[in-house]
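In: here's my sequence, what's the structure:
(one chain, ligands or ions: 1)
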Amino acid sequence: MTQIINDKQAVAIHAAKLVEDDMLIGLGTGSTANYFIEELARRKKEENLQFATVASSTVSMIKAQQLGLDLVAMEHVRQLDLYVDGADEVTEDLTLLKGRGFDLVKEKLLAAASEQFYVLIDDSKTVSRIGENYPIPVEVAPFSWQMVLRSLQQIGATGDLRSNSNGDGLAITSHGSLVLDMVFDSSLDADDLNSELNRIPGIVEHGIFYQLASHVFMGKDGEIIER
Ligand code: 5RP
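Out: Okay, here's the model as predicted:
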């Protein structure tokens, strides 16, 4: 029995209970996804649950490896049963903002290729509109950043290239992309924003996950609320 220390862990344990034998499960990235990976490892060890995993990032892959989970390389995966990940913002209609990390491309691929996508959050992540708390990350091919920035400015956005954590250079994603952190006019809804970002050439991926989540599980004061 795991000692539950916070809402992120509680919600991760709840989601891990829904995993069944023989599933192929996508592992998200971040502190909530880490709790989920740990609980999967516990169920494998103590309950002999049989499943395989595919990781959305190097960090998740190493964590899964260290905990003895079976990993499949993404190159071998056409579709999966379940993808489980955290999010930075979630709206009422289950649109997500993700990608404060550097693994947007794999995260969205896994979310889109999965039968079910469970999103795990605590109540600090709920918002009334995407972009309320954070700029929207837009991954761009390095050679395209100026042209993409101009296209984004033409639709009224402001923002710039993301710096690395030391502040002495630029942030580079797992795929060698740069990241533009952009703020959009609050009158644009997520549907419009998603369509605008999908149509601009040079954007590798962006942080709006529109109509991808099947369930959101929110931990709040020890309770699990499902949407
Ligand atoms: C990484 C993500 C994370 O899922 C998101 O940032 C939430 O992280 P945490 O679970 O640590 O709060 O989108 O790209």
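
In: so what's L24 bridging to?
Out: On the basis of DSSP bridges, L24 is bridged to A52.

In: so which elements touch the helix or strand containing L40?
Out: Secondary structure assigned from DSSP states H and E places L40 in helix 31-47. In terms of contacts (3 or more CB pairs under 8 Å, 6 or more residues apart in numbering; DSSP states H and E), helix 31-47 is packed against helix 7-17, strand 23-27, strand 51-55, helix 58-66, strand 80-85, strand 114-122. In short, each C-beta sits where N, CA and C put it, glycine included.

In: so for S144, which of these sits nearest?
Out: helix 58-66 (24.2 Å; CB to CB).

In: which parts of the protein sit against the ligand?
Out: Within the chain, the positions adjacent to the ligand are 28-32, 85-88, 98-101, 103, 107 by CB under 6 Å from any ligand atom.

In: return a ChimeraX selection command for the buried portion of these.
Out: Under the burial definition 16 or more other CB atoms under 10 Å, those of the residues of the chain next to the ligand that qualify are selected in ChimeraX by:
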select :28,29,30,32,85,86,87,88,98,99,100,101,103,107
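
In: about what we covered before: including mean pLDDT, could the helices and strands packed on helix 31-47 go into TSV?
Out: Converted to TSV, the helices and strands packed on helix 31-47 look like this (pLDDT from 0 to 100):
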stretch	mean pLDDT
helix 7-17	97
strand 23-27	98
strand 51-55	98
helix 58-66	97
strand 80-85	98
strand 114-122	98
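
In: sorry, back to before: list the buried residues in the helix holding L40.
Out: Quick answer for helix 31-47 (16+ other CB under 10 Å): 32-44.

In: may I have that helix as CSV, with CA atoms only?
Out: What follows is the C-alpha trace of helix 31-47 in CSV, where atoms were taken according to Å, rounded to 0.1, in the frame of the first residue of the first chain:
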residue,chain,number,x,y,z
SER,A,31,5.8,15.0,-11.9
THR,A,32,2.3,13.6,-12.1
ALA,A,33,3.3,11.2,-14.9
ASN,A,34,6.2,10.0,-12.7
TYR,A,35,3.7,9.1,-9.9
PHE,A,36,1.8,7.1,-12.5
ILE,A,37,4.9,5.2,-13.6
GLU,A,38,5.8,4.4,-10.0
GLU,A,39,2.3,3.0,-9.3
LEU,A,40,2.4,0.9,-12.5
ALA,A,41,5.7,-0.5,-11.3
ARG,A,42,4.2,-1.3,-8.0
ARG,A,43,1.2,-3.1,-9.6
LYS,A,44,3.6,-5.1,-11.8
LYS,A,45,5.7,-6.2,-8.9
GLU,A,46,3.0,-6.8,-6.3
GLU,A,47,0.0,-7.9,-8.5
